[in-house]
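Engineer: Using only what follows, build the 3D model:
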Amino acid sequence: MVTRSFGRPSFGRRPIRRAPKRGGFGAQHIDVARFINKSVITEEVEHFVPDHAFVDFQIDGGLKRNIISKGYTAPTPIQDKVIPHILRGADVVGIANTGTGKTAAFVIPLLNKILLNPKDKILIVVPTRELAVQIEDEIRDFAKDMHIYSVCCIGGAGIGPQISGLRRQHSIVIGTPGRLKDLIKRNFINLVNFKTIVLDEADRMLDMGFIADMRFLMAGMPKPRHTLFFSATLSPEIARLIKEFLHEPVSISVKTRDTAQNVEQDIIKIKPGEMKINVLERLLREPEFKKVLVFARTKHGAEKLSRMLETSGFKATSIHGNKSHSQRQYALESFKTNRIQVLVATDVAARGLDISDISHVINYDLPNTHDDYVHRIGRTGRGEKKGKALTFID
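Structural biologist: Numbers count the residues shown, from 1 in each chain. Next up, the predicted model:
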């Protein structure tokens, strides 16, 4: 095993077998070997050749033009396999690694569905505000000049503008479960009008305790309905929900391994007496650390670490649950546009966020579970790009 201490390999040490268990419920021992893939020889995977091109799909010509204008040429594996089934109206379960184009896989055929049937309404349910905003942005790009309108209904943001949007013409509602349930109870959303629902990052919604809200939404919708279910993992709990919510679904899995092959993973061993913050700062001063996402365990820890980095002269900010929606969006936009080098985050940023060109993910604090680790490091190495993930081990 190769460990690193401030970026330099150290050989001959006794291998560390397990990361220390963190306090609190839900934490688990994670084998440190699972944080490393530098020394693993992997077989070359045959280059994926899609069965379709975007021009082959039976979709509206204007939608095809918008796809091309976004720079899309060939579908990703999940898009290639899923889009034809959604176009023919089948219920679909899509299991795929993060960063593989799942959003476009359902947005493209559903926009075509609205173009064919303008009275149709679609509900998209996601676990986090950031993912909801990201999906709405994708919808706007794909629906350019088509007069298809969406409303984003999320907690942490003012409800007034959301109510105003719901009162105007719209075909798509994207939202987080709690805010959607609130608006339904206030009679601003009538589920009877929605015949299509997408549950995106469904495994994360289970983690966050949204199962009761998911059942509430499903119960209010008409039957039969068109249900699309996307997840990065297929746990026994997810399998039970599939049986409960979907009718004879087509299951598509293009998930090949837990972690992306194009993300180089390694650990940073903190020596006795060495300060983690000092090691982090030295790393961040290396030229290759251009755009870095740092994960901390708690909201307080993320804020404290961000301020310490700012004091040391780094362009840094934080994102966590104690910040307002506008503060979180400002932080994300600053990171996306390279106005800051370092974004310190809790696991609120571990799923769903698609930010280009993150050079490194650093686990300053250990994740609770290996699934959390997988989603954290999935923020780098997006698509065909390379990325690096480093995990601090005390």
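Engineer: show me what contacts the closest residue to Ala302 other than its chain neighbours?
Structural biologist: Residue nearest to Ala302 in three dimensions, not counting chain neighbours: Ala296, with 4.0 Å by CB to CB, 6 or more residues apart in numbering. Backbone N, C-alpha and C define where each C-beta goes, glycine included. Applying CB atoms under 8 Å, 6 or more residues apart in numbering, one finds that Ala296 lies in contact with Ala302, Leu305, Val344, Ala345, Thr346, Tyr364, Asp365.
Engineer: Return the subset of these lying in strands.
Structural biologist: Val344, Ala345 (DSSP state E).
Engineer: Save the contacts of Ala296 as JSON lines, and put in neighbour count and pLDDT too.
Structural biologist: Formatted as JSON lines, these follow (neighbours: other CB atoms under 10 Å; pLDDT from 0 to 100):
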{"residue": "Ala302", "neighbour count": "28", "pLDDT": "93"}
{"residue": "Leu305", "neighbour count": "22", "pLDDT": "96"}
{"residue": "Val344", "neighbour count": "29", "pLDDT": "95"}
{"residue": "Ala345", "neighbour count": "26", "pLDDT": "91"}
{"residue": "Thr346", "neighbour count": "21", "pLDDT": "89"}
{"residue": "Tyr364", "neighbour count": "20", "pLDDT": "95"}
{"residue": "Asp365", "neighbour count": "20", "pLDDT": "93"}
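Engineer: so which of the contacts of Ala296 would you say is closest to Lys113?
Structural biologist: Set against Lys113, the nearest of the contacts of Ala296 by CB to CB is Ala345 (34.9 Å).
Engineer: Can you give me the distance of Arg382 to Lys291?
Structural biologist: According to CB to CB, to the nearest Å, Arg382 stands 12 Å off from Lys291.
Engineer: cool, Met308 as well?
Structural biologist: Met308 is 19 Å from Lys291, by CB to CB.
Engineer: ok, these two, which is more surrounded?
Structural biologist: More crowded of Met308 and Lys291, by other CB atoms under 10 Å: Lys291, with 18 against 15.
Engineer: can you tell me which residues contact the more buried one?
Structural biologist: Phe335, Asn338, Gln341, Asp357, Ile358, Ser359, His360.
Engineer: nearest to Asn66, of the residues you listed?
Structural biologist: Within the contacts of Lys291, proximity to Asn66 (CB to CB) peaks at Asp357, which comes in at 23.4 Å.
Engineer: how much space is there between the nearest residue to the closest one once chain neighbours are set aside and Lys385?
Structural biologist: For Asp357, ignoring the flanking residues on the chain, the nearest one in space by CB to CB, 6+ apart is Lys291 at 5.7 Å. According to CB to CB, Lys291 and Lys385 sit 12 Å apart.
Engineer: Common neighbours of the two, please.
Structural biologist: Common neighbours of Lys291 and Lys385, using CB under 8 Å, 6+ apart, are Asp357.
Engineer: Quick one: residues in contact with stretch 174-189.
Structural biologist: Everything outside stretch 174-189 that qualifies as a contact, by CB under 8 Å, 6+ apart, is 123-129, 132, 135-136, 139, 150-155, 159, 162-163, 166-167, 173, 190-191, 205, 210, 213-214, 216-217, 220.
Engineer: next one: stretch 131-145
Structural biologist: 62-63, 66-67, 69-70, 103-104, 107-108, 111, 124, 126, 148, 150, 152-154, 172, 174-176, 200-201, 329, 351-354.
Engineer: from the chain's centre, how far out does that stretch sit?
Structural biologist: Averaging C-alpha positions (CA atoms, centre = their mean, to the nearest Å) puts stretch 131-145 15 Å from its chain's average.
Engineer: which residues in the stretch 251-394 of the chain form strands?
Structural biologist: Counting by DSSP state E, counting those that start in this stretch, the segments of the stretch 251-394 of the chain that form strands are 263-269, 292-295, 316-319, 342-345, 360-363, 387-393.
Engineer: just so I know, which of the ones you listed lies nearest Met275?
Structural biologist: strand 387-393 (11.2 Å).
Engineer: Show me what that closest one is packed against.
Structural biologist: On a contact count with 3 or more CB pairs under 8 Å, 6 or more residues apart in numbering; DSSP states H and E, strand 387-393 meets strand 263-269, helix 276-284, strand 360-363, helix 370-377.
Engineer: could the contacts of Ala296 go into TSV alongside distance to Ile184?
Structural biologist: Below are the contacts of Ala296 laid out as TSV (distance: CB to CB, whole Å):
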residue	distance to Ile184
Ala302	33
Leu305	38
Val344	35
Ala345	30
Thr346	29
Tyr364	39
Asp365	37
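Engineer: Since that was my last question, I'll sign off now.
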